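Q: Sequence and predicted structure, then a few things I'm wondering about:
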Amino acid sequence: SQQGEEDPQALSIQEGENATMNCSYKTSINNLQWYRQNSGRGLVHLILIRSNEREKHSGRLRVTLDTSKKSSSLLITASRAADTASYFCATVSSGDGNKLVFGAGTILRVKS
Amino acid sequence: DTGVSQDPRHKITKRGQNVTFRCDPISEHNRLYWYRQTLGQGPEFLTYFQNEAQLEKSRLLSDRFSAERPKGSFSTLEIQRTEQGDSAMYLCASSFRQGLQETQYFGPGTRLLVL
């Protein structure tokens, strides 16, 4: 079963705009990760944030984590057409091995 | 290419037939995971290996499913007596165990269609 939900389910923006995706989860976690999946391709790891971290940056990506609200957000700044993909958050739960539990994903379309 | 590879990339089979998928992980990775992804959903965990030992299996993995990782290298996932509900993308991932924070690297997946 899915751990939580991403919001929105789909997002369409113009190139150059920022895109924000949200993720909610249900259990205590060790870390939360964001992945990207292009049509017909496998999942690509974007960023990992530990449960004791609140914010993390990687290039044009900014991730926040609020463990009190069990939620995370992914911000992509200055979006490009190549950012068009599905974005998934995935959690690793405390005491549950290292398997990833994914949400249903957000479909992002960046129009050029 | 030193990433995770999966074979075949696509498989069409008739209901009731057996199918086998192969995953070759990144060479130095000691952990290997199998996930299943249906249309419009995120991947769901099936099972994982540390070296050759299968350490966890999901409830999703019915008796018709079996996975192996002989010698702790490549892995196979076999589905016996396939059903239409088995149609999905089967993803393999590998990682190197280092503390609690590990990154899983995914292969391109095998898309299965059961007619």
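A: Okay, I see it.

Q: Bridging across strands, which residues link to the residue in chain A that chain B sits nearest to?
A: Using Cβ to the nearest Cβ, the single residue of chain A nearest to chain B is A:Phe102, 3.1 Å away. Any C-beta I mention is one placed from the backbone N, CA and C, and that applies to glycine too. Here A:Phe102 sits in beta bridges with A:Ala90, as judged by DSSP bridges.

Q: pretty sure it contacts B:Gly42?
A: Yes - taking Cβ atoms under 8 Å as the definition, A:Phe102 is a contact partner of B:Gly42 at 3.1 Å.

Q: would you list every one of the helices in chain A?
A: In chain A, no helices are defined using DSSP state H.

Q: Output the contacting helices and strands for the lowest-mean-pLDDT helix or strand in it.
A: Sorting the helices and strands of chain A by mean pLDDT, DSSP states H and E puts strand A:5-7 at the bottom, at a mean of 83. Where contact means 3 or more Cβ pairs under 8 Å, 6 or more residues apart in numbering or on different chains; DSSP states H and E, strand A:5-7 is packed against strand A:19-24, strand A:85-93.

Q: what does it rub up against?
A: A:Met21, A:Asn22, A:Cys23, A:Ser24, A:Tyr87, A:Phe88, A:Cys89, A:Gly103, A:Ala104, A:Gly105, A:Thr106 (Cβ atoms under 8 Å, 6 or more residues apart in numbering or on different chains).

Q: so which two of those are the farthest from each other?
A: Maximum pairwise distance among the contacts of strand A:5-7 (Cβ to Cβ): 14.3 Å, between A:Ser24 and A:Tyr87.
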